[in-house]
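A.B. asks: need the 3D shape of this:
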Amino acid sequence: MRFSDWAKDPRQTNRWKRVRRQMLIAHPRCELCGSRCATEVHHRKSAILHRDLAFDMDWCLRSVCHWCHKIADSKPDRYITWRPRVPPPGV
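C.D. replies: Prediction:
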């Protein structure tokens with residue numbers, strides 16, 4: 001891990017900005033409701049408590065709209081049904 005990855009909050013690093021942008025490009029639709037454009041990235045596990053998963057695009061991160069992000073933050077992950085990911089066109 002680089003020194004910048006050890007910031008108090010991993011979401012304050014340049015690496016997070018790059019990963020967030022990649023997530024929103026790879027999954028432009030909300031992965032919870034499926035009807036809105038994704039504008040935020042949700043951590044299924046706390047980025048501060050689980051630093052090893054903070055940048056895991058395959059399992060820990062989900063692209064969501066603003067309203068679904070509020071829902072996802074208020075409920076434990078076991079009560080949320082995530083939509084299956086669709087591979088990007090051309091893959």
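A.B. asks: which phi and psi does the residue positioned nearest the centre of the chain have?
C.D. replies: The residue at the geometric middle of the chain, judged as the C-alpha nearest the mean C-alpha position with Cα atoms, centre = their mean, is Leu61 (2.9 Å). Backbone torsions of Leu61, given as degrees, to the nearest 10, read phi -100, psi 140.
A.B. asks: let me know whether it touches Glu40 as I believe.
C.D. replies: No - applying Cβ atoms under 8 Å as the test, Leu61 and Glu40 come out as separate, 10.5 Å apart. Glycine gets a C-beta too; all of them are placed from N, C-alpha and C.
A.B. asks: got a list of what the residue nearest to the centre of the chain touches?
C.D. replies: When contacts are counted by Cβ atoms under 8 Å, 6 or more residues apart in numbering, Leu61 is found next to 19, 23, 41-44, 55.
A.B. asks: same thing but 6 Å
C.D. replies: The neighbours of Leu61, taking Cβ atoms under 6 Å, 6 or more residues apart in numbering as the test, are 23, 41.
A.B. asks: who does it bridge with?
C.D. replies: His43 (DSSP bridges).
A.B. asks: how much space separates it from Thr39?
C.D. replies: Leu61 is 14 Å from Thr39, where distance means Cβ to Cβ, to the nearest Å.
A.B. asks: pull the longest helix from the chain.
C.D. replies: With DSSP state H applied, the helix covering the greatest number of residues in the chain is identified as helix 14-26.
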